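Q: Okay, sequence plus prediction incoming.
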Amino acid sequence: MTEDVSWPKASEGGRVVGKEEIRAYWTRQWGEFDGHVEPLAITEEDGGRIRVRVHQLVRNLGGNVLSDSEVLHIFTINNGLIAAMDLGDETDTTGPTAAFSHRS
């Protein structure tokens, strides 16, 4: 990842910038949820973008399924490093994505 990598906060809304901010966000996220993504298709685009369609399963820590869906992760690559990740199925990045909207 680049030093100023930009990442969506899917479980909280908004974005974080930088490796340490991402680490802190991931620590919070995986302290609340048990998520698993499995790549289904990878497509390289012009401009250093890679689209990854994934099967995403999100459970609460009690094991209850909160979301079982396919989502699109779009990575922007700069000099061989991830510069940004975006969610392709979400137009509103201010709040949590649908997968994380049911926290119980």
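A: That came in fine, so what should we check first? Residues are numbered from 1 along each chain as shown.

Q: Just want the phi and psi numbers for Ala10.
A: phi -60, psi -30 (degrees, to the nearest 10).

Q: any idea how far it is from Gly47?
A: From Ala10 across to Gly47, the span is 23 Å (C-beta to C-beta, to the nearest Å). Bear in mind the C-beta positions are built from the backbone N, C-alpha and C, glycine included.

Q: Also Val17?
A: Val17 is 20 Å from Gly47, by C-beta to C-beta.

Q: Looking at the two, which one has more neighbours?
A: Val17 (13 against 6; other C-beta atoms under 10 Å).

Q: got the contact list for that one?
A: Listed by C-beta atoms under 8 Å, 6 or more residues apart in numbering, the contact set of Val17 reads Asp4, Val5, Ser6, Trp7.

Q: Likewise for Val5?
A: Taking C-beta under 8 Å, 6+ apart as the test, what Val5 contacts is Val17, Gly18, Lys19, Ile22, Leu81, Ile82, Ala83, Ala84, Met85.
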